[in-house]
Structures are given as structure tokens and as C-alpha cells.
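Asks: how would this look folded up:
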Amino acid sequence: MLLNGALPTEFVAQMIEIEGINKYYGKLHVLRDVSLTIGKGEIVSIVGPSGAGKTTLLQILGTLDRPDSGSVRYDGVDVLRLGSRDLSHFRNRHIGFVFQFHQLLPEFTTVENVAMPAMIGGMRQGEAMKRAMELLDFMGLSERAHNKPSQLSGGERQRAAVARALINRPSVILADEPSGSLDSQNREELHRLFFDLRNEMRHTFVIVTHDESLAADTDRTIHMKDGAIVPKSEGNVIIV
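Replies: From the prediction side, this is the model:
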């Protein structure tokens, strides 16, 4: 949480800047003039009731969807101005995704799943597999590298999904309810992992969550309602 709304000095440099984002689905105004900045190395949670626009905002941040108006900049690059091929390359290289359900492909082994985004991005198979094994070792999953996802526990599958998100050394990790399908022990382990990764590798995290304990631990919490960011105060502490 942030005192007086000021970012800690280590987050002063901006990684993500979005301005004036509006999104419609037919007549439904899903996002309403959303503007937000996120610092390099910051862990930000986005919370709010169902239908508040959290996942839509995350999809736009991840360049998986386009707004009807507004801008999205990563480290100064206006990604909405990129052509489709350049945008796909940018997404592959600079953004990692973690979803509520791991989305591992069942016909491939754990290490193959982790290595896949790197090979899609043009990395040689041998190099990609080596990098994947290094990440699995960091995650404590090296002994499970050649197992299929069906042979892993829920917590192991989600850690493998995090490793896959990290394979291309992205600047930003976007997570949509990453601990929503886990039990309490695995949730705590996943939350610790996010902070360990930030501390060791300086990733920026944007996490959509209903998990109050995770939101409370993040550097900043963004509250959304009816498609807009809303302020929320707790005494003298401003957490928006």
C-alpha cells in the first residue's frame, strides 16, 4: 500500500502508461475513460466486483484486445500503433501471461510447454529447452520436467505456467485470477513466487484478483467499478 499515493522511488520510472481507454461491446460501455500508470518492478493488483471491467482491461494491456479509444504505452512504445505482425512479436517478447487455469497443452511435457513460446519467437529448440529447464529448476520442478500436465498437482501446473510466462524474459507479467483454482497452501506459495520473481528478476506484475490477501500484499491496489477506476481510502493511506 502507498502512503499519500506516492510511488516508492524504485517505481518512479514508468513501465506501462494507459490513457483515456474506452471499450464498447455493442451498446455496453465496458471501460470508461480509464487512465493508469504502472512503474517498472511494481506489483499492482486490480480488484472489483464481477463485471467491473478488470479482465477486459487486462486483455487490452496484454494487446489481446483493442480499445475503441485511448493509448497503451510500454516503456514509451505506443503498442496500438504497431502493425499486427510487429504487435504479435512485441507481445511474444515483452509480455508474459498467467491465467486462472494453467492452459498447459496436455499432449506435451512440462518442459515442452514451457519452451514453446520461445520456439514460437524464433529461439532454437536446444536453447529454448535449456532455458525452460533452468526456469523449472528455479520453480522446483526440474524432476517433473518430462511429466505431462495430467501428472502434476494443481500447484505444480500453475508454477509451470509461470515458468512458461517467463521463458522470453518479458518485462511485464499479466495474471488473471492466477490463484483462483488453488488451495490455500498453493495460493500462498504462488504469491511468494511472484514477489521472489520481482525481487530477483525485476518483473512488473499486473494481477487481476478476488484474493484479498494477495491484493493486500501488492505494492498498490487499483479498484474498479462499472468500468472505471475509483478511489478508495483507508484512513490516511491512499491505495489507488
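Asks: ok, residues contacting stretch 177-193?
Replies: 98-101, 139, 153-155, 158-159, 162, 207-211, 213-214, 217 (CB atoms under 8 Å, 6 or more residues apart in numbering). (Each C-beta comes from the backbone N, C-alpha and C, glycine too.)
Asks: check which residues of it are buried.
Replies: Applying a neighbour-count criterion of 16 or more other CB atoms under 10 Å, the buried positions in stretch 177-193 are 177-179, 181-182, 186-187, 190-191, 193.
Asks: ok, those vs Val230, which is closest?
Replies: Val230 has its nearest neighbour among the buried residues of stretch 177-193 in Glu177, at 20.2 Å by CB to CB.
Asks: and the helices in the protein?
Replies: Assigned by DSSP state H, the helices in the chain fall at 54-61, 84-94, 110-120, 125-138, 154-166, 184-201, 212-217.
Asks: can you check the pLDDT for the residue most central in space within the chain?
Replies: Centroid check for the chain by CA atoms, centre = their mean gives Leu174 as the closest residue, at 1.1 Å. For Leu174, the pLDDT comes out at 92.
Asks: point out where this structure drops to low pLDDT.
Replies: Scanning the chain with the threshold set as pLDDT under 70 gives 1-12, 100-102, 180-182, 232-240.
Asks: give the contact list for the nearest residue to Val162 once chain neighbours are set aside.
Replies: Excluding the flanking residues, the one nearest Val162 by CB to CB, 6 or more residues apart in numbering is Val98, at 5.6 Å. Val98 makes contacts with 158, 161-162, 165, 173-176, 178, as judged by CB under 8 Å, 6+ apart.
Asks: and Arg144, by the same measure?
Replies: 110, 136, 151-152, 156, 160.
Asks: try 7 Å this time
Replies: Neighbouring residues of Arg144 by CB atoms under 7 Å, 6 or more residues apart in numbering: 110, 152, 156.
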